[in-house]
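J.: model the structure of this input:
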Amino acid sequence: MQYRSVFIVLYILIFLFSCSREKQAPSEENASSESWIHITKEQFDHVNMQIGALEKAEFNEEVRVRGIADVPPQSKATISPMVSGLVKDLFVRPGDRVKKGQPLLSFEGPEIIGLQQSYLEISEQLKSLEAEYKRQKTLFTENISSEKLFLEAESNYKKATAACEGLKQQLLLLNLDTDKIKQGKISPFAVICAPIAGDIIRLYVDISKFIQPSDVVAEIADTQQLQLYLSVFEKDIASVRTGQKVIFSLPESSGQLLTATINAVGKAIDRTDRTVTVQAHPTGNMQVPLLTGMYIDAGIVIASKTVWALPVDALITEEEEHFVLLLHSSDDNKYVFRKVKVQTGERNGDYMEIIPNDSVTSASVLLLKGVYSAV
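T.: Numbers count the residues shown, from 1 in each chain. Presented below is the predicted three-dimensional model:
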């Protein structure tokens with residue numbers, strides 16, 4: 001009877017253990033199915049999946065700033081007429097590249113003619129005043145004439161000389177030929193020429209418009225000298241210095257990154273927004289046209305390191321842990337991947353730093369594209 005009881009107890013224990021194994025089996029099978037992923041060749045091609053390895057990537061520590069593209073003060077000019085008049089001809093259009101001294105427009109008016117007349121008259125008077133000055137000087141030297149007459153003749157001559165030279169310089173600023181004027185050839189119009197080489201940014205005149213010295217008729221900027229003027233906040237300026245790299249983009253082409261190098265750091269803080277102006281010169285071939293007045297989004301690189309990295313889309317994130325799909329085997333019909341946990345570092349844009357370990361090394365083959373379609 002005692003043996004029979006023991007046998008019954010053993011039978012019950014064996015039965016319970018078998019039930020427990022049956023209940024646990026699906027759980028173990030699910031765990032296995034989550035770690036191993038089988039993908040057919042057809043699925044791989046249909047989703048345009050792609051395999052590859054860890055990449056060497058440069059991760060930058062940046063100070064984010066905004067700014068504007070502009071030229072230095074010595075590379076731009078605002079042009080106004082010397083005297084009033086009506087615009088006669090326009091020789092350029094906005095966007096044209098001009099050389100220094102190239103005619104921009106001509107204009108005509110009474111003031112232009114009056115200046116030439118005054119110059120011609122005083123030039124003729126100067127001849128007789130010079131002769132009288134020399135005559136009085138000779139007479140005074142020989143004690144024939146008084147000193148008063150000599151000094152008066154000298155004064156009249158020097159005043160006329162100064163007035164003549166002043167008118168001559170005004171006429172030269174109007175690009176008029178003073179030699180022709182002395183011959184009695186009066187021009188009804190004058191020409192405004194470019195004071196610097198550059199591009200016509202704006203024209204504010206048209207034919208027959210009346211212009212005067214207070215008017216701006218054109219703006220020229222040498223866009224080949226374009227700089228970036230970046231506003232750096234007071235708290236970040238201690239990390240910024242000349243020679244640092246700037247990575248920037250334009251609002252309308254934010255996907256294309258351009259580079260520049262800092263060449264000047266401001267020495268004063270703007271009291272309004274507590275920023276310092278930093279200048280940077282674009283480097284390399286500009287694939288995107290950079291125009292005066294464009295707004296800039298930029299990052300000043302204050303530190304840099306090279307790390308192993310993967311595109312963010314190649315990672316599976318579960319409860320703040322990151323996994324990759326490691327290629328285990330493949331043949332003509334299928335790919336077999338194993339889901340492996342990886343240690344990540346910093347994120348830089350679309351890339352995540354990966355710290356290699358025993359499972360994932362620089363030589364490992366991983367699924368880079370189509371990860372979420374696989375899982």
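J.: which residues touch Pro94?
T.: 200-203 (CB atoms under 8 Å, 6 or more residues apart in numbering). (Glycine included, C-beta is placed from N, CA and C.)
J.: check the secondary structure at it for me.
T.: With DSSP: H, G, I helix; E, B strand; the rest coil as the basis, the three-state label of Pro94 is coil.
J.: for the stretch 251-375 of the chain, give me the ranges with low pLDDT.
T.: Applying pLDDT under 70 to the stretch 251-375 of the chain picks out residues 253-255, 285-288.
J.: ok, which stretches of it are helices?
T.: 371-374 (DSSP state H, counting those that start in this stretch).
J.: the strands in it, which residues?
T.: All strands of the stretch 251-375 of the chain, identified by DSSP state E, counting those that start in this stretch, fall at 253-265, 275-282, 295-311, 316-318, 321-330, 334-348, 351-355, 366-369.
J.: nearest to Ile192, of the ones you listed?
T.: Closest to Ile192 of the strands of the stretch 251-375 of the chain is strand 275-282 (CB to CB; 30.9 Å).
J.: so which elements touch the closest one?
T.: On a contact count with 3 or more CB pairs under 8 Å, 6 or more residues apart in numbering; DSSP states H and E, strand 275-282 meets strand 227-233, strand 253-265.
J.: got the contact list for Lys185?
T.: Asp177.
J.: surely it is in a strand?
T.: No. The assignment for Lys185 is coil, going by three-state DSSP, so no strand is present there.
J.: how close does it sit to Tyr204?
T.: As judged by CB to CB, to the nearest Å, Lys185 and Tyr204 stand 31 Å apart.
J.: wait, His322 touches Ala314, no?
T.: No. Using CB atoms under 8 Å, His322 is not in contact with Ala314; the gap is 9.9 Å.
J.: circling back to that earlier point, which two in the contacts of Pro94 are spaced the farthest apart?
T.: Ile201 and Leu203 (8.8 Å).
J.: right, and His328 touches Lys334 too?
T.: No. With contacts defined as CB under 8 Å, His328 does not count as touching Lys334, sitting 10.9 Å away.
J.: quick check: mean pLDDT across stretch 132-151?
T.: For stretch 132-151, mean pLDDT rounds to 84.
J.: which of the contacts of Pro94 sits closest to Glu252?
T.: Using CB to CB, the contacts of Pro94 come closest to Glu252 at Ile201, 19.2 Å.
J.: check which helix or strand covers the closest one.
T.: Taking DSSP states H and E as the definition, one finds Ile201 inside strand 198-203.
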